[in-house]
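A.B. asks: got a predicted model here, sequence first, then my questions.
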Amino acid sequence: MAAFAARTGIKAWLRLLAGIALVLAAMSAYSAPKTLLVLGDSLSAEYGLARGAGWAGLLQQRLRQHKVDALVVNASISGDTTIGGKNRLPSLLEKNKPDIVLIELGSNDALRGLQLNATQDNLQAMIDLVHQHKARVLLVGMQIPPNYGADYTRRFSEMFRDLSKRNKAPLVPFFMDGIAADMDLFQSDRIHPNERAQPMLLDNVWPHLKPLVGLK
């Protein structure tokens, strides 16, 4: 009986240790810092703005305010297209090992008159690559002015929704919502949002990013 009790006690002790180890592992995983990679064009690259004044810089501040342990890596380049982003993404993933990738690309494809099929294929390739690296995607949708033609304008907007649905990836429906029609929110080139618009851009992204960083 004494030997049985001893064995039973050891088993209970081992189960307790295993449970503690699982709790500690879960706590470690929960508190592990996240890396957010922003892959965009001039709308995210602080074009014409003071350093840190762009929406991605403001995102870093907001994450701190919400006590989210995360680093924002802004890899955006003015003038970048989806093919440029696709070519740059592999090395960025290897270097930064992000948990979340925000893809804000496609506008320059439209400005250059590139085929929508090619733009969509490039975005899909980026989404696939992010998923292969066990990271999550937040797709940042854009719209273009109607002077590109009603059909092209409609298909361009639908492209982001289709990609979001196909890949079960969250989508910012329109990055420039509340900004595009107000010229007081643009720089003198009438293309790039000014400093006043940057918090609004962040507010458009934030509701769709919050669940990815563990916020309600």
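C.D. replies: Sure thing, it's come through.

A.B. asks: when you work out contacts or count neighbours from here on, use the C-alpha atoms and nothing else.
C.D. replies: Will do.

A.B. asks: counting by contacts, list what the helix or strand where Leu202 lies packs against.
C.D. replies: Using DSSP states H and E, Leu202 maps to helix 198-209. Helix 198-209 is packed against helix 55-65, strand 136-140, strand 171-172, with contacts defined by 3 or more Cα pairs under 8 Å, 6 or more residues apart in numbering; DSSP states H and E.

A.B. asks: now for the longest strand belonging to the chain, which elements pack on it?
C.D. replies: Longest strand in the chain by number of residues (criterion: DSSP state E): strand 34-40. Contacts defined by 3+ Cα pairs under 8 Å, 6+ apart place strand 34-40 against strand 70-74, helix 82-96, strand 100-104.

A.B. asks: avg pLDDT for the longest one?
C.D. replies: Just to be clear, that refers to helix 82-96. Helix 82-96 shows a mean pLDDT of 98.

A.B. asks: that older thread, could I get the helix holding Leu202 in CSV with only the CA atoms?
C.D. replies: Extracted C-alpha coordinates of helix 198-209, given in CSV (Å, rounded to 0.1, in the frame of the first residue of the first chain):
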residue,chain,number,x,y,z
GLN,A,198,-2.8,60.5,-41.2
PRO,A,199,-4.9,59.8,-38.0
MET,A,200,-7.9,59.3,-40.3
LEU,A,201,-6.0,56.7,-42.3
LEU,A,202,-5.1,54.9,-39.1
ASP,A,203,-8.7,55.0,-38.0
ASN,A,204,-9.7,53.4,-41.2
VAL,A,205,-7.2,50.5,-40.6
TRP,A,206,-7.5,50.1,-36.9
PRO,A,207,-10.9,48.3,-36.6
HIS,A,208,-9.7,45.6,-38.9
LEU,A,209,-6.3,45.3,-37.3
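
A.B. asks: so Pro145 sits against Tyr152, correct?
C.D. replies: No - in this structure Pro145 lies outside contact range of Tyr152 using Cα atoms under 8 Å: 9.8 Å.
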